[in-house]
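J.: Based on what follows, work out the 3D shape:
(one chain, ligands or ions: 1)
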Amino acid sequence: MYIDPHAHMISRTTDDYEAMAAAGIVAVIEPAFWIGQPRTYVGTYVDYLSSIVGWERFRAGQFGIRHYCTVGLNSKEANNEELAEGVMEWLPRFALKEGVVAIGEIGYDEQTALEDRYFRAQLELAKELELPVMVHTPHRDKKRGTTRSMDVIEEIGLDPSMVVIDHNNEETVAETLQRGFWAGFSIYPSTKMGNRRMVELLKQYGGERIIVDSACDWGISDSLGVPKTARLALESGVPEQTVRRVCYANALEVYGKSGQMREEDWLAPPEIDQRTLYAGNSILRGGREPIIGTEAQKRRDDLIIE
Ligand SMILES: [Zn+2]
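T.: The predicted structure is shown next:
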């Protein structure tokens, strides 16, 4: 059993959901983020948040995967002050919805003054609501951006055990762990953080407070990042207990602090029934036979495309 605690499923296909379920992923967390181009209206942002707490959660369930999300104003769009102000007004309402396990992903991109302002405001919100936080660390100037993020979190007075610092690498991990935060690692194919490098880190640091995720989205990414890393780690001699922690138990422990994510959710899940409707709509397309119960596996192995 695996959890992928950072997956932008709104950008992924039904094939991804089927492959993830087949690979043993039982739950995903979808962080609110930007969608590849900036939104220009508060309303489109609000509809996006509605999708990740609503339709996408339903869609995942139709493939037997439990879906949770984090809500927040991302760093890129924090630079549009008018949009940012509007989103901040809506956030408290979304933060309290079912299945919302954290405020995130928030943090720095270019480390501008506006990014700093809204990062702090959202940390205050998380503190007030006693919700975990998922922090996006910048891809440029990562070391400095990561240190600065943790400085600000400490300044605001959040408990590091409530905060996941994501997108770590070899340069940032020691400080993240040493300061008491959870250290997330996003497995990016052939670029920043491949799973071979991840396995080396697991050998060096063990499994305490380390979390592996795929960060799969609309760009080149692999929705099977977590199960593939788990397999490689096991084959490379990393103890099973460590793999279980970083690919399952740690994510559950920290995001479970929201009170919105429990093991029972997937240990005793509702049976798949693709006839189910969400606001009048199902995932079926004209005349398609719905999958009900355990037919899902049979369907995956069938070579005939009808
Ligand atoms: Zn992301």
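J.: Just want the phi and psi numbers for the closest residue to Gly54 other than its chain neighbours.
T.: Distances taken as Cβ to Cβ, 6 or more residues apart in numbering place Tyr278 nearest to Gly54, at 7.2 Å, with adjacent residues excluded. In this view, the C-beta of every residue, glycine as well, is placed from N, C-alpha and C. Torsion angles at Tyr278 (phi, psi; degrees, to the nearest 10) stand at phi -120, psi 120.
J.: Counting neighbours, what do you get for Tyr278?
T.: Per other Cβ atoms under 10 Å, the neighbour tally for Tyr278 reads 15.
J.: I'd say it and Trp55 touch.
T.: Yes: between Tyr278 and Trp55 there is a contact at 6.0 Å, judged by Cβ atoms under 8 Å.
J.: re the thing from before, so what's the residue nearest to Gly54 up against?
T.: Under the criterion of Cβ atoms under 8 Å, 6 or more residues apart in numbering, the neighbours of Tyr278 are 54-55, 58-59.
J.: looking at those residues, which has the most residues close by?
T.: Using other Cβ under 10 Å as the neighbour criterion, Arg59 leads the contacts of Tyr278 with 21 neighbours.
J.: related to what we said a few turns ago, look at the residue nearest to Gly54 and report its pLDDT.
T.: Listed pLDDT for Tyr278 reads 86.
J.: how far away is it from Ala60?
T.: Look at Tyr278 and Ala60: by Cβ to Cβ, to the nearest Å, they are 11 Å apart.
J.: cool, Phe119 as well?
T.: 28 Å.
J.: Looking at these two, which has the bigger crowd around it?
T.: Phe119 (26 against 23).
J.: Now do the helix or strand containing Glu89: which elements does it pack against?
T.: Element membership for Glu89, per DSSP states H and E: helix 81-95. Judged by 3 or more Cβ pairs under 8 Å, 6 or more residues apart in numbering; DSSP states H and E, helix 81-95 is in contact with helix 42-53, strand 66-71, strand 100-107, helix 113-129.
J.: Could you export the second one as CSV, CA atoms only?
T.: In other words, strand 66-71. The C-alpha coordinates for strand 66-71 follow below in CSV (Å, rounded to 0.1, in the frame of the first residue of the first chain):
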residue,chain,number,x,y,z
ARG,A,66,-9.1,8.0,-1.9
HIS,A,67,-8.4,11.7,-2.7
TYR,A,68,-7.5,14.5,-0.3
CYS,A,69,-6.3,18.0,-1.1
THR,A,70,-4.5,21.0,0.3
VAL,A,71,-5.8,24.5,-0.4
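J.: Any buried residues in stretch 155-166, and which?
T.: Going by neighbour count (16 or more other Cβ atoms under 10 Å), the buried part of stretch 155-166 is 156, 158, 160, 162-166.
J.: what pLDDT, on average, does that stretch get?
T.: On average, stretch 155-166 scores 98.
J.: For it, give me every contacting residue.
T.: 5-6, 102, 104-105, 120, 123-124, 126-127, 130-137, 146, 149-150, 153-154, 172, 176, 179-186, 211, 213, 215, 254-255, 257.
J.: any weak-confidence spans in the stretch 51-200 of the chain?
T.: For the stretch 51-200 of the chain, residues meeting the criterion pLDDT under 70 lie at 190-192.
J.: Go again with 90.
T.: Counting by pLDDT under 90, the stretch 51-200 of the chain contains low-confidence ranges at 139-140, 188-194.
J.: how much space is there between the residue in it that the ion sits nearest to and Val163?
T.: Using Cβ to the ion, Glu105 is the residue of the stretch 51-200 of the chain that sits closest to the ion, at 5.4 Å. Distance, Glu105 to Val163, using Cβ to Cβ: 12 Å.
J.: In the stretch 201-306 of the chain, what residue lies closest to the ion?
T.: Ala215 (4.9 Å).
J.: does Tyr108 really touch Lys142, like I thought?
T.: No: using Cβ under 8 Å, Tyr108 is not in contact with Lys142, being 9.8 Å away.
J.: Between these two, point out the one with more neighbours.
T.: Tyr108 (24 against 17).
J.: got a list of what the more buried one touches?
T.: Per Cβ under 8 Å, 6+ apart, neighbours of Tyr108: 75, 115-116, 119, 136-138, 145, 148-149.
J.: Closest one to Thr40 out of these, please.
T.: Within the contacts of Tyr108, distances to Thr40 taken as Cβ to Cβ reach their minimum at Ser75, with 17.1 Å.
J.: returning to that earlier point: what is in contact with Glu105 and Val163 at once?
T.: Between them, Glu105 and Val163 share these contacting residues under Cβ under 8 Å, 6+ apart: Val135.
J.: got the residue ranges for the helices in the protein?
T.: 14-22, 42-53, 55-61, 81-95, 113-129, 142-156, 173-178, 195-205, 225-235, 240-244, 250-255, 264-267, 295-301 (DSSP state H).
J.: could I get the ones you listed as JSON lines with distance to Gly286?
T.: Shown next, in JSON lines, are these (distance: least, Cβ to Cβ, whole Å):
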{"stretch": "helix 14-22", "distance to Gly286": "15"}
{"stretch": "helix 42-53", "distance to Gly286": "23"}
{"stretch": "helix 55-61", "distance to Gly286": "18"}
{"stretch": "helix 81-95", "distance to Gly286": "33"}
{"stretch": "helix 113-129", "distance to Gly286": "43"}
{"stretch": "helix 142-156", "distance to Gly286": "47"}
{"stretch": "helix 173-178", "distance to Gly286": "49"}
{"stretch": "helix 195-205", "distance to Gly286": "39"}
{"stretch": "helix 225-235", "distance to Gly286": "33"}
{"stretch": "helix 240-244", "distance to Gly286": "42"}
{"stretch": "helix 250-255", "distance to Gly286": "38"}
{"stretch": "helix 264-267", "distance to Gly286": "31"}
{"stretch": "helix 295-301", "distance to Gly286": "17"}
